[in-house]
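Engineer: 3D, please:
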Amino acid sequence: MSTKILIIERNARIGGLISSQLNQHGYQAKDVRHGAEAAVALREELADLILVDNEVVLGGLKTARLLRLHPKYSALPLVLSLSSDEEKATVTMQEGKARGLKHFLTKPFSMPDLLEKLGEALTLDEPAKQPTSMEIRDEIRALTDLPVMPEAYNKLLMLLSKPDREVDLSEVARTLEMDPGLSSRVMRVCKSAYFGFQGNMMKQALAFLGVEEIRRIVQSAVVYDVFREDEDKDVTRLKMRDLWKHSIGVGIAMEILGKSDKNKTHFLLGTLHDLGKAIFKFRFPIHFNAVTDMVENENMSMVEAEQELLGITHAECGGALATHWDLPIEVRTAITSHHSPSQNPQHRQLSATVHICDIAIRTMKIGYAGDPLIPPMDLFAKRTFPEGLDTLLAQKNHILQQVEAIAGDQ
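Structural biologist: Here you go, the predicted structure:
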């Protein structure tokens, strides 16, 4: 059986030419335009080697590293073709070697040069080790250029993570006023018909609504602000506003289900649980569209499609973001394991709380999380909260009103 070569080449003419010539030399070659198409092609038929042009969308180096995160493709030999610009080629090669890549070919190259490089890569490569969870997290952080949490936002989250009686609303007001845009968004929600504040002073608004409501409003506004959507540039089909309504709903549901728990991170965790999807949406939009295509065409959940195409899930990406923001360990762990709380012994009950609340909000059809499917209930979650789902579904109107009040004017 002939060796299968997958060519990821931005220029269709060049990709077709390389593919045609390789076929003439006894290889079975196929060319695609970018990494997302490559992931789809590899799912249909696994290649023996991948040739990546460094000029593809997202960049050849990042594309190669993203493919290497997938357990099915991590051991495949990979050749990166470099720019004819010597300085650019040198920088890319150095970075590639630092990330574990071994084979490079500078453009323009002749067919004998390519054949020699393919033979070298196919002969000399040793199977790659599966990356550890720590390596995956670090690689996600490096690949996605995770957003930084502004200092004022970090301070707000810290101030509001305390028990209600210990929250200094005067300090919260002063910190909010450091950011006029965020302060304005918070005040708009306070003055909405649902909350009904009539004044103009932030300190008075906070005192009027109380710590519990302010915690929800501020935490939701803080995180939403980091991932504000530029609709003119957005090429994905999942709208941030729909995802945000879903996430706020999960946060409100978590406060209901965890009412007896003194932990004050329930709402924040709910709003953060799906932020890995925002990372995919803004950092890998073409790949994210390939995932949503699979969701729609094959009636597959988003987490299954992510695992199938990318080898990593939004839960892992969200956990990496929570680590990057130095959020509490229980928040990081629950985000990462909210689809399968039974499989992680740490902070399992909190993960189960997110899991059930996610199912409840999907069942209520509040917002949209990227796929219409209702996940099967995790066994540990079901045992821990045997009446949890029914409890939440009975409060649909209350949850929906709060979601609209908080998200309606964002």
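Engineer: list the contacts for residue 103?
Structural biologist: Shown in contact with residue 103 (Cβ atoms under 8 Å, 6 or more residues apart in numbering): 77-80, 117, 120-121, 125. All C-beta spots, glycine's among them, are computed from the backbone N, C-alpha and C.
Engineer: what about the residues you listed, which one has the most neighbours?
Structural biologist: Comparing those by number of neighbours (other Cβ atoms under 10 Å), residue 78 comes first, having 28 neighbours.
Engineer: now residue 4. Its backbone dihedrals?
Structural biologist: Main-chain torsions, residue 4, degrees, to the nearest 10: phi -90, psi 130.
Engineer: got it, and residue 29?
Structural biologist: phi -110, psi 150.
Engineer: please enumerate the helices of the stretch 1-150 of the chain.
Structural biologist: Residue ranges of the helices in the stretch 1-150 of the chain, as given by DSSP state H, counting those that start in this stretch, are 12-24, 35-44, 60-68, 86-98, 111-124, 133-144.
Engineer: now for this structure, the helix or strand with the poorest mean pLDDT.
Structural biologist: Ranking every helix and strand in the chain by mean pLDDT, DSSP states H and E puts helix 133-144 at the bottom, with a mean of 81.
Engineer: mind listing what's buried in that helix?
Structural biologist: 136-137, 139-140, 143-144 (16 or more other Cβ atoms under 10 Å).
Engineer: okay, those residues in CSV with distance to residue 210 next?
Structural biologist: Compiled in CSV, those are given as follows (distance: Cβ to Cβ, whole Å):
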residue, distance to residue 210
136, 41
137, 37
139, 43
140, 38
143, 42
144, 37
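Engineer: any idea which of those is closest to residue 243?
Structural biologist: When the buried residues of helix 133-144 are compared for distance to residue 243 (Cβ to Cβ), residue 144 comes out closest, at 16.9 Å.
Engineer: and the closest one, how close does it get to residue 405?
Structural biologist: As defined by Cβ to Cβ, to the nearest Å, residue 144 lies at a distance of 32 Å from residue 405.
Engineer: worst mean pLDDT among the helices of the stretch 1-150 of the chain?
Structural biologist: Per-stretch mean pLDDT for the helices of the stretch 1-150 of the chain is lowest at helix 133-144 (a mean of 81).
Engineer: can you give me how far that helix is from the chain middle?
Structural biologist: For helix 133-144, the separation from the chain centroid amounts to 12 Å (computed by Cα atoms, centre = their mean, to the nearest Å).
Engineer: what does it contact?
Structural biologist: 62, 65-66, 69, 131, 146, 279, 283-284, 312, 316-317, 319-320, 323-324.
Engineer: OK, contacts around residue 320?
Structural biologist: Residues touching residue 320, when contacts are defined by Cβ under 8 Å, 6+ apart, comprise 137, 140-141, 144, 146, 276.
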